[in-house]
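K.L.:
generate a structure from the sequence data that follows.
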Amino acid sequence: MKATIGIIAGSLRRASFSKKIARALLEMAPEGYDFKLISIEDLPLYNQDFDDDNDVPPSYVTFRNTIQELDGIIFVTPEYNRSVPAVLKNAVDVASKPSDKNKWDGKPAAVFSNSPGNLSGFGANHHLRQSLVCLNVPVMQQPEVYIAGANKLFDEDGNFKDDNVRKFLQKAVDAYIEWFNRNKPS
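P.N.:
From the prediction side, this is the model:
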C-alpha cells in the first residue's frame with residue numbers, strides 16, 4: 001500500500017514560488033509513495049463558533065478529511081514579516097480543531113521554506129515548527145531546507161533554471177522519506 005504525503009504550499013498568490021516548488025516536489029516522489037497537493041485556498045478564517053454551533057463550513061470538512069487520510073506532510077512556506085503566512089497558520093488551526101480531533105496528530109512532517117531574500121524564510125520555518133510541536137507533529141530536523149533567491153529559480157514555464165536546485169530538493173525529499181519511515185505511526 002502506497003503512503004500518501006500531502007504537500008501544502010503556504011501561499012495564495014497565483015505565481016507563488018511556494019506553489020512552484022510544491023509542484024516540482026510532485027515529480028520527486030519515490031516508488032511506493034503518492035505525493036498530493038493539498039489546497040488551502042478555500043478555508044475561511046478559523047472560528048471556534050463553527051464547531052461549537054455544529055455549523056462547520058464544507059471546506060473545513062473536506063480539508064480535515066483530507067489531512068486525516070494523509071500519512072505525512074511537507075509544508076512549503078514563504079515568509080511574511082518573519083513569520084508564517086496567515087493562510088498557512090489558518091490551515092494548521094482548521095485541521096487541529098476541535099482539540100480532541102487534531103487531524104495532524106502524529107503525522108511526520110517536513111518544512112521547506114523559501115524567500116526571494118538571503119534569509120530563505122528562516123523565521124517562517126521556525127514559527128511553523130513551533131506550532132507543529134504543540135500539535136504532536138514530528139518535524140524532520142535535518143537537513144533543514146531553506147531556499148534563498150526563490151524569485152530567480154524558475155523560467156517562464158515554472159521549471160528550475162538551475163538543475164542544482166532540483167538536485168538539492170530531491171536530496172531533501174529523499175531524506176524526508178527516510179525520516180518518515182523511521183517516524184511514521186504504526
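K.L.:
contacts and neighbour counts: CA atoms only from here.
P.N.:
Fine.
K.L.:
could you check the distance from the residue lying farthest from the centre of the chain over to Asp71?
P.N.:
With distances taken as CA atoms, centre = their mean, the residue sitting farthest from the centre of the chain turns out to be Asp53, at 29.2 Å. Going from Asp53 to Asp71 by CA to CA, to the nearest Å gives 30 Å.
K.L.:
in this structure, which spans are strands?
P.N.:
Listed in chain order, the strands of the chain (DSSP state E) span 3-9, 33-37, 72-77, 109-114, 145-147.
K.L.:
reformat these as TSV; add distance to Lys20 and mean neighbour count.
P.N.:
TSV is the format used below for the strands of the chain (distance: least, CA to CA, whole Å; neighbours: other CA atoms under 10 Å):
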stretch	distance to Lys20	mean neighbour count
strand 3-9	9	23
strand 33-37	11	18
strand 72-77	10	26
strand 109-114	11	27
strand 145-147	12	22
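K.L.:
from Asn151, how far off is Lys161?
P.N.:
11 Å.
K.L.:
what sits in contact with each of the two?
P.N.:
Counting by CA atoms under 8 Å, 6 or more residues apart in numbering, Lys161 and Asn151 have no common neighbour.
K.L.:
spit out the contact partners of the spatially most central residue of the chain.
P.N.:
Nearest to the mean C-alpha position of the chain, by CA atoms, centre = their mean, lies Phe75 at 1.6 Å. Taking CA under 8 Å, 6+ apart, we find Phe75 in contact with 7-10, 109-113.
K.L.:
again, 10 Å this time
P.N.:
Shown in contact with Phe75 (CA atoms under 10 Å, 6 or more residues apart in numbering): 6-10, 18, 22, 38, 88, 109-113, 125, 128.
K.L.:
beta partners for it?
P.N.:
Residues in a beta bridge with Phe75, per DSSP bridges, are Ile8, Val111.
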